[in-house]
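**Q** Sharing a model that was predicted from the sequence below.
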Amino acid sequence: MTYDKELYVCYFASNYFVEQCGVSIISLLENNKDTSIGIFVIEKNFTESDKNKFEQISNSYKQSIEFIKMPEPENFFGDDRFTLKSIGNSYSRMILGKILPSEVGSVLCLDSDTLVLGSLSGLCDIENFKDYYIAGVDDAAGEAVMIKQLKIVPQSLYCNGGVLLFNLDKIRRDRLEDRYVSYIKTLFDQHMRLVYYEEEVINKCASPYILRLSADYNVVSPLILMGYDAFVRFRGIVNDYYTKEETDIAIQNPKIVHAINTFYVRKQIWEKNSDSPYANEYVYYRSLSPWSELPQIETKYSMKQKLMKQIWHIMPRKIAFFVASYVRNNVRPCLQKQRDDE
């Protein structure tokens with residue numbers, strides 16, 4: 001196979017996120033018909049039926065989709081401490097230089113809970129990207145994450161891991177992925193854990209060679225729901241984040257929306273009757289997919305889970321956002337729990 005595409009895009013998905021990954025790919029291809037795209041799917045436990053659906057998408061849009069089996073981390077790293085539980089289900093972001101073809105010099109990695117709503121042609125030839133390891137959108141990580149949890153210098157750029165452009169040529173040349181492993185082993189040797197999995201590792205090891213993209217390349221659901229001022233307070237931002245004008249433009253015309261799980265959404269974007277931003281757009285792209293004739297996903301939540309979601313909506317919005325901000329920035333860092341929600 002020849003690798004001569006204008007843009008390469010990589011997804012990571014287990015058998016639990018087959019549909020979500022496929023719908024995201026549909027949105028990518030629908031809105032980038034003038035760009036030649038090569039897609040890699042790092043998969044875990046896909047069935048032949050699953051793969052056939054992706055092949056239907058590939059044939060329909062005349063763009064290539066190539067599957068790569070997700071390596072077992074214990075075997076790949078030769079260390080029993082490297083498990084999916086300890087380094088995360090999307091750890092493959094840290095080994096792209098080794099598992100993707102050497103001819104692929106750069107690749108855009110997208111989470112399956114993203115929708116591509118605009119052209120990504122601007123990512124095909126970024127000026128000076130050769131000098132950087134990665135490019136991404138500022139995550140607005142805030143004091144709770146950067147200072148209290150990760151011990152990162154406040155003015156450092158910390159990018160959201162759901163949309164990252166990797167300069168694989170520079171990563172391979174400088175053996176950055178070996179630095180990832182050394183960083184993780186140092187933590188494990190000290191009986192410490194990864195707080196934010198590969199996002200933490202990549203940001204800390206790639207710094208300061210990280211390029212900031214415009215905010216419209218990764219518009220996260222909490223920003224859409226809360227608005228700029230409440231979002232900035234909620235995240236406890238301590239670095240030079242985007243201006244209100246920049247984020248307003250991004251929200252109005254996003255190139256990529258990222259439906260991260262957030263406290264103020266009862267049902268995630270792919271669930272039936274979702275209240276997540278851009279849920280209608282998800283339904284639309286799903287209608288163009290091989291999953292269109294199947295019932296939409298309905299997750300069974302426990303009474304406790306339903307109650308916790310409902311409590312936020314019982315409170316007035318301003319009070320709910322104030323309480324959530326206090327919990328995120330003052331309570332949660334002390335508990336040192338794994339990140340599983342916003």
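**A** Cool, got the structure. Residues are numbered from 1 along each chain as shown.

**Q** list the buried ones in stretch 19-31?
**A** By neighbour count with 16 or more other CB atoms under 10 Å, stretch 19-31 contains the buried residues Glu19, Gln20, Cys21, Gly22, Val23, Ser24, Ile25, Ile26, Ser27, Leu28, Leu29, Asn31. Just so you know, the C-beta spots here come from the backbone N, C-alpha and C atoms, and that holds for glycine as well.

**Q** try stretch 93-109
**A** Residues of stretch 93-109 classed as buried: Arg93, Met94, Ile95, Leu96, Gly97, Leu100, Val104, Gly105, Ser106, Val107, Leu108, Cys109 (neighbour count, 16+ other CB under 10 Å).

**Q** Just give me how far that stretch sits from the chain centre.
**A** Relative to its chain's centre, stretch 93-109 lies at 16 Å (CA atoms, centre = their mean, to the nearest Å).

**Q** Give me the contacts around that stretch.
**A** Residues outside stretch 93-109 that contact it (CB atoms under 8 Å, 6 or more residues apart in numbering): 1-3, 7-12, 38, 40, 42, 68, 71, 76, 87, 92, 120, 123, 129, 161, 163-169, 171-172, 176-177, 180-181, 198, 201-202.

**Q** one more time with 6 Å
**A** In this structure, residues lying in contact with stretch 93-109 by CB atoms under 6 Å, 6 or more residues apart in numbering are 3, 8-10, 68, 164-169, 171-172, 177, 180, 198.

**Q** buried subset of those residues?
**A** Buried members of those, scored by 16+ other CB under 10 Å, are 8-10, 68, 164-168, 171-172, 177, 180, 198.

**Q** what sits against Ile39?
**A** For Ile39, the residues meeting the contact criterion (CB under 6 Å, 6+ apart) are Val9, Ile65.

**Q** strand partners of the helix or strand hosting it, parallel vs antiparallel please.
**A** Using DSSP states H and E, Ile39 falls within strand 37-44. For strand 37-44, the paired strands and their directions (DSSP bridges) are strand 7-14 (parallel), strand 64-69 (parallel).

**Q** Can you say which of the ones you listed is nearest to Pro208?
**A** For the strands paired with strand 37-44, proximity to Pro208 was assessed by CB to CB; strand 7-14 is nearest, at 24.2 Å.

**Q** State the mean pLDDT of that closest one.
**A** Averaged across strand 7-14, pLDDT comes to 97.

**Q** buried residues in stretch 259-269?
**A** When burial is assessed from 16+ other CB under 10 Å, stretch 259-269 yields the following buried residues: Ala259, Ile260, Thr262, Phe263, Tyr264, Val265, Arg266, Lys267, Gln268, Ile269.

**Q** how near is Gln155 to Lys304?
**A** Shown here: Gln155 relative to Lys304, a distance of 40 Å by CB to CB, to the nearest Å.

**Q** Now do the helices in the stretch 1-150 of the chain.
**A** Counting by DSSP state H, counting those that start in this stretch, residue ranges of the helices within the stretch 1-150 of the chain are 18-30, 48-61, 73-77, 84-87, 96-99, 142-143.
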